[in-house]
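*Asks:* Sequence first, predicted model second:
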Amino acid sequence: MRTVWEYAGADGGAVLVRLYGAEGRARLPERLGGLPLTAVGPYCFSGEEIPPRFRRQDVKRCEEGEAFLEGEEPAPLRGGRLKALYLPDTVREVGDYCFYGCGSLETLGFSEGLLRTGNGAFMGCGALKRLEYQTTGDFRALSRVLSDVRGTVKVSVHEGERQFSLVFPGYYEASVENIPARIFEVHFRGTGYRYRQCFRDGRLELSEYDGLFSLAAGQEEAGLLAGLSACRLSSPEGLSPEARERYLDWLGCHVRGAAPYLLKEAEPETLRLLAEAGAFDREAEPEPVKAEKKEKKLDDGAGDFYMASLGEDIVEKAAFEKREEPGERREDALDVLTDLAARSGNTEAVSILMDHRYQRGRKAAKKSFVL
């Protein structure tokens, strides 16, 4: 396929203006026309036309691949056509509104060399769920991009041989009017804003990141918490024993809420790793009991008068004896997840969980024999 890059020179480097011919996914080259690619221009991948104030007069073209057929016009890779983009280490800047309106952009790869992201660079990128970050230990570029991407996003960090993944929850701002003070207050909804503050002087504070899980557990949905826990347990970079136990406890206790993620989105190897770590060797939270609606019977009030005549102590005792339990007895998390996997038809998950049950039984029998 023929690929065409339009670029302009600036400060000894090349600024990408438009990309033509690529289909959905693209990896930008390190050099264009003999110059290092140092910037992606304003509105470069946006579905909107480049405004006059950002248009360059010194645009050049660089082509590679098979020639176009006569009369064939290459389509620009922009707007909804862009699915994934990987920037080379040479890129230092992403221009204003570079990805504006790229509603299908799901993955972005970049490195610590990215020094600036322009205004509204990621506006309208609601599908952006994955970031691939190359670094030697400096996380300032990642912090800048995350501050512009407010949806839930999974970050894969590649630091030489050191690799790990993190989930950053989404958040949004809400302006609330304080009428007595005659001001508007900005309130943050969701824990994503707090998670994005775990960067200090170019470092990523993983202990601070893990410390926010208790806050997230009270505010975020079970599917997001399951993904966050699975990421930390499957790539435990800087994970303390205490934080590890918190993630395992949550997965075991809330296995019903975590099941949709574990059985549909998580890789089989991740499920196996979580089982071996002991996430499902715990008691699951009891399934909530649905309250039954009962028709209210009309009477003449004689029953109320009779109960009142017995005295408060007897009435309270009778009410206590009639009170139903809030839920059934706690169940083994492994039993619950195996049952849910079987009901959903996920035979691979059932196989993994049954194998873990067998291994767990062997260990228990061996321990009992030793005793």
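*Replies:* Noted; the coordinates are in hand. Residues are numbered from 1 along each chain as shown.
*Asks:* Now do the helices for this structure: every range, in order, please.
*Replies:* Under the criterion DSSP state H, helices of the chain are mapped to 140-148, 192-195, 206-211, 213-217, 222-234, 241-253, 255-260, 268-277, 302-309, 312-322, 333-344, 347-370.
*Asks:* Dump the ones you listed to JSON lines, plus distance to Glu132 and mean neighbour count.
*Replies:* Glycine gets a C-beta too; all of them are placed from N, C-alpha and C. Shown next, in JSON lines, are the helices of the chain (distance: least, C-beta to C-beta, whole Å; neighbours: other C-beta atoms under 10 Å):
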{"stretch": "helix 140-148", "distance to Glu132": "10", "mean neighbour count": "19"}
{"stretch": "helix 192-195", "distance to Glu132": "19", "mean neighbour count": "20"}
{"stretch": "helix 206-211", "distance to Glu132": "19", "mean neighbour count": "17"}
{"stretch": "helix 213-217", "distance to Glu132": "23", "mean neighbour count": "16"}
{"stretch": "helix 222-234", "distance to Glu132": "14", "mean neighbour count": "22"}
{"stretch": "helix 241-253", "distance to Glu132": "23", "mean neighbour count": "18"}
{"stretch": "helix 255-260", "distance to Glu132": "25", "mean neighbour count": "21"}
{"stretch": "helix 268-277", "distance to Glu132": "18", "mean neighbour count": "18"}
{"stretch": "helix 302-309", "distance to Glu132": "68", "mean neighbour count": "10"}
{"stretch": "helix 312-322", "distance to Glu132": "59", "mean neighbour count": "10"}
{"stretch": "helix 333-344", "distance to Glu132": "30", "mean neighbour count": "18"}
{"stretch": "helix 347-370", "distance to Glu132": "27", "mean neighbour count": "13"}
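*Asks:* Export those to a markdown table and append columns for distance to Phe45.
*Replies:* As requested, the helices of the chain are exported to a markdown table (distance: least, C-beta to C-beta, whole Å):
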| stretch | distance to Phe45 |
| --- | --- |
| helix 140-148 | 15 |
| helix 192-195 | 24 |
| helix 206-211 | 30 |
| helix 213-217 | 32 |
| helix 222-234 | 28 |
| helix 241-253 | 37 |
| helix 255-260 | 33 |
| helix 268-277 | 32 |
| helix 302-309 | 72 |
| helix 312-322 | 66 |
| helix 333-344 | 38 |
| helix 347-370 | 38 |
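*Asks:* how about these in a markdown table, adding mean pLDDT and distance to Tyr86?
*Replies:* Output for the helices of the chain, formatted as a markdown table (pLDDT from 0 to 100; distance: least, C-beta to C-beta, whole Å):
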| stretch | mean pLDDT | distance to Tyr86 |
| --- | --- | --- |
| helix 140-148 | 96 | 14 |
| helix 192-195 | 95 | 24 |
| helix 206-211 | 97 | 25 |
| helix 213-217 | 96 | 30 |
| helix 222-234 | 96 | 21 |
| helix 241-253 | 96 | 30 |
| helix 255-260 | 96 | 30 |
| helix 268-277 | 95 | 24 |
| helix 302-309 | 47 | 74 |
| helix 312-322 | 46 | 65 |
| helix 333-344 | 95 | 35 |
| helix 347-370 | 84 | 31 |
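*Asks:* do you know which of the ones you listed lies nearest Tyr97?
*Replies:* Among these, helix 140-148 comes nearest to Tyr97, with 11.4 Å by C-beta to C-beta.
*Asks:* what packs against the closest one?
*Replies:* Applying 3 or more C-beta pairs under 8 Å, 6 or more residues apart in numbering; DSSP states H and E, we find helix 140-148 packed against strand 107-111, strand 116-117, strand 130-134, strand 153-159, strand 199-200.
*Asks:* Outline the domain layout of this protein.
*Replies:* In the domain annotation for the chain, the residue ranges read 8-66+76-168, 221-289+305-371 (automatic domain parsing).
*Asks:* where are the low-confidence patches of the stretch 51-200 of the chain?
*Replies:* Applying pLDDT under 70 to the stretch 51-200 of the chain flags the ranges 65-73.
*Asks:* Which one, of the helices of the chain, ends up nearest to Ser156?
*Replies:* Nearest to Ser156, of these and by C-beta to C-beta, is helix 222-234 at 9.4 Å.
*Asks:* tell me the angle of that closest one relative to helix 268-277?
*Replies:* Helix 222-234 runs at 70 degrees relative to helix 268-277, counting by axes from the mean of the first three to the mean of the last three C-alpha atoms, to 10 degrees.
*Asks:* From the rest of the structure, what touches helix 222-234?
*Replies:* For helix 222-234, contacts defined as C-beta atoms under 8 Å, 6 or more residues apart in numbering pick out 152, 154, 165-167, 169, 210, 213, 216-217, 239, 243-244, 247-248, 250-251, 254, 257-258, 260-262, 265-266, 270, 273-274, 277, 279.
*Asks:* try 7 Å this time
*Replies:* Here helix 222-234 makes contact (C-beta atoms under 7 Å, 6 or more residues apart in numbering) with 152, 165-167, 169, 210, 216-217, 239, 244, 247, 250-251, 254, 257-258, 260-262, 266, 270, 273-274, 277.
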